[in-house]
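J.: My questions are about this predicted structure, shown below with the sequence.
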Amino acid sequence: MSELSDIARQAMMRPQEAMLEVKNKKNSLHIGIPKETSFQENRIALTPLSVGLLVQNGHEVVIESGAGLAANFPDNHFSEQGAKITYDKKEVFKSDIIIKIAPPTDDEIAMMKMGQVLFSAIQMSTTKVDYLQSLMKKNITALSFEYLRDEGNVLSVVRAMSEIVGATSVLIAAEYLSNVFEGKGLMLGGITGVPPTEIVVLGAGTVGEYATRTALALGAEVKVFDSSLYKLRRLQNNIGSRVFTSVIQPAVLEKALWCGDVAIGAIRAEHGRSPCIVSEETVSKMKPNSVIIDVSIDQGGCFETSRITNHKVPTFRKHDVIHYCVPNIASRVSRTASYALTNIFTPIILDIGEMGGMMNLIWDRPGIRNAIYLYQGKLTNKDLSERFNIPMKDLDLLIVSQR
């Protein structure tokens, strides 16, 4: 298989001139945006101005009525930019390209037509084999947001959402420290002559970095813990100022949590469940009315006392500690999140049209290839193949065979 892949990659490194004829065949795309049905999913993948840009470039955009309302984009904002608004979800799913946030439901997959292109999240932790098989039967080409990489080889959607979640988690903590939410009555950060609030951040990835940035900007004292020295050093360098950092040593971490006012759990697992590193006993010794924001709750959480909550009932108390364990924090600031998403997806859709179709874009962009988990009904993602024991096809070979 590796030899065949090398042959495919060599074929894909043909001179640019050989591709010009193909790239000049521009396509007019038919794009559908259905209304999200997932619980408390408030984001939308394209904003009105982005829709206007697509329409100006000769593409047709069909949007289900109310699709943008949760992000404060009413239907008329889209229609004024040239989108077609429909009350019939089936009409949306007649489009060549479907772009949405959450993975399609069984009912939505039933409405999809043969050979469609799907842009959506895949949510690996909850994906079931029936979902994949349903898409495979319809020869769907599916792109996963979570695997999408940009020119710098950065996971672009994951990075953008992590920046939002990191900053927002500190603002949420500030709310729950106040009297309004029966907290300690502290202002996050403090003022002259008043000691600053202490925040413990678990994890030095993107979420941890942006939580640290926001907390420092508000004047808080921050302590960052991670098992990776590389990540701690990177965070220190990116922030540009000295901040307390430590590898995860139980005695040091426990002391920080007992003295702290806020703990933010942002440790992610590459595969499976996030590590649970704070015991219930440790939580029970935290200050009364302290706040825990467990950002890792979608992977199980890194506090033993955590359990999933939602935007309507976002918190609970255990051992007199306020726990905020909402898995989809980005939907709390859905308009900002939608702007971040549209900045990523709009150029990709424009490139599909400019390059003459999805296949040419996949051929040309390694970051796009990385995000394709189904190509014309064939599974091309190694993680999914191993998880469900479904034979995997090499995407490079599939593309080369059709050139």
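T.: Sure, I can see it.
J.: shaky segments in the stretch 101-250 of the chain?
T.: By pLDDT under 70, the weakly predicted segments of the stretch 101-250 of the chain are 125.
J.: can you pull out the helices in it?
T.: Using DSSP state H, counting those that start in this stretch, the helices of the stretch 101-250 of the chain run over 106-111, 129-137, 156-177, 206-217, 229-239, 250-259.
J.: these two touch, right, residue 183 and residue 315?
T.: No: the pair residue 183 / residue 315 is not scored as a contact, 10.0 Å apart, by C-beta atoms under 8 Å. All C-beta spots, glycine's among them, are computed from the backbone N, C-alpha and C.
J.: Run a quick neighbour tally on residue 393.
T.: 15 (other C-beta atoms under 10 Å).
J.: With adjacent residues omitted, what lies nearest to it?
T.: Nearest non-adjacent residue to residue 393, counting by C-beta to C-beta, 6 or more residues apart in numbering: residue 378, 4.3 Å away.
J.: cool, and residue 245?
T.: Using C-beta to C-beta, 6+ apart, the closest residue to residue 245 is residue 232 (4.4 Å).
J.: Quick check: bridge partners of residue 98?
T.: Counting by DSSP bridges, residue 98 is bridged to residue 32, residue 118.
J.: Against residue 119, how distant is the residue nearest the centre of the chain?
T.: Centroid-nearest residue in the chain: residue 158, 4.1 Å away (criterion: C-alpha atoms, centre = their mean). Distance of residue 158 to residue 119, computed by C-beta to C-beta, to the nearest Å: 15 Å.
J.: can you check residue 248 too?
T.: In terms of C-beta to C-beta, residue 248 sits 37 Å off from residue 119.
J.: more crowded one of the two?
T.: Taking other C-beta under 10 Å, residue 248 and residue 119 do not tie; residue 119 has more neighbours (22 against 16).
J.: Need the overlap of contacts for residue 183 and residue 315.
T.: 176, 322 (C-beta atoms under 8 Å, 6 or more residues apart in numbering).
J.: next one: stretch 206-218 to chain centre, how far?
T.: 18 Å (C-alpha atoms, centre = their mean, to the nearest Å).
J.: Could I get the buried residue list for it?
T.: If you call a residue buried by 16 or more other C-beta atoms under 10 Å, then stretch 206-218 has these buried ones: 206-216, 218.
J.: For residue 87, which non-adjacent residue is spatially closest?
T.: Per C-beta to C-beta, 6+ apart, closest to residue 87 is residue 65, 4.9 Å.
J.: Now do the same for the one you found: its pLDDT.
T.: We have a pLDDT of 96 for residue 65.
J.: Tell me how many other residues crowd it.
T.: 17.
J.: what do you get for residue 309?
T.: 17.
J.: Please enumerate residues in contact with stretch 153-163?
T.: 145-150, 205-207, 210, 330, 337, 340-341, 343-344, 367.
J.: Restrict the residues you listed to the buried ones and give me that as a PyMOL selection.
T.: Buried residues within those, by 16+ other C-beta under 10 Å, are selected in PyMOL with:
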select buried, resi 145+147+148+149+150+205+206+207+210+330+337+340+341+344+367
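J.: Quick check: phi and psi on the residue of the chain positioned farthest from its centre?
T.: Largest separation from the mean C-alpha position in the chain: residue 193, at 40.3 Å (C-alpha atoms, centre = their mean). When read as degrees, to the nearest 10, the backbone of residue 193 gives phi 90, psi -10.
J.: could you measure it against residue 91, distance?
T.: 63 Å.
J.: what do you get for residue 260?
T.: 53 Å.
J.: The two: which is more packed in?
T.: Between residue 260 and residue 91, counting by other C-beta under 10 Å, residue 260 is the more crowded of the two (23 against 15).
J.: What's the separation between that one and residue 70?
T.: Using C-beta to C-beta, we find residue 260 at a distance of 34 Å from residue 70.
J.: what does residue 240 give?
T.: Relative to residue 70, residue 240 is positioned 36 Å away (C-beta to C-beta).
J.: With neighbour numbers in mind, choose between these two.
T.: residue 70 (18 against 8).
J.: For the more buried one, which non-adjacent residue is closest in space?
T.: Leaving aside its chain neighbours, residue 70 sits nearest to residue 42 (3.6 Å; criterion: C-beta to C-beta, 6+ apart).
J.: need the contact list for that neighbour.
T.: 36, 70-71, 331-332, 334.
J.: Confirm that it lies within a helix, as I assumed.
T.: No: going by DSSP: H, G, I helix; E, B strand; the rest coil, the assignment for residue 42 is coil, not a helix.
J.: Torsion angles phi and psi at it?
T.: Torsion angles, degrees, to the nearest 10, at residue 42: phi -100, psi -10.
J.: how near is it to residue 30?
T.: 26 Å.
J.: likewise residue 303?
T.: 46 Å.
J.: which one is residue 329 nearest to, not counting chain neighbours?
T.: residue 165 (4.7 Å).
J.: Tally up the residues packed near that neighbour, please.
T.: Residue 165 has 24 nearby residues by other C-beta under 10 Å.
J.: again, but for residue 239
T.: 16.
J.: Let me see the contact set for it.
T.: With C-beta under 8 Å, 6+ apart, residue 239 has these contacts: 209, 212-213, 216.
J.: And for residue 31?
T.: Contacts of residue 31 (C-beta under 8 Å, 6+ apart): 46, 54, 59-62, 95-99, 349.
J.: can you tell me which two in the contacts of residue 42 are farthest apart?
T.: For the contacts of residue 42, the farthest-apart pair by C-beta to C-beta is 36 and 332; their separation is 14.8 Å.
J.: What does residue 323 show for phi and psi?
T.: phi -110, psi 130.
J.: Tell me who's in contact with it.
T.: Residue 323 neighbours (C-beta under 8 Å, 6+ apart): 292, 294, 303, 305-307, 309, 315-317.
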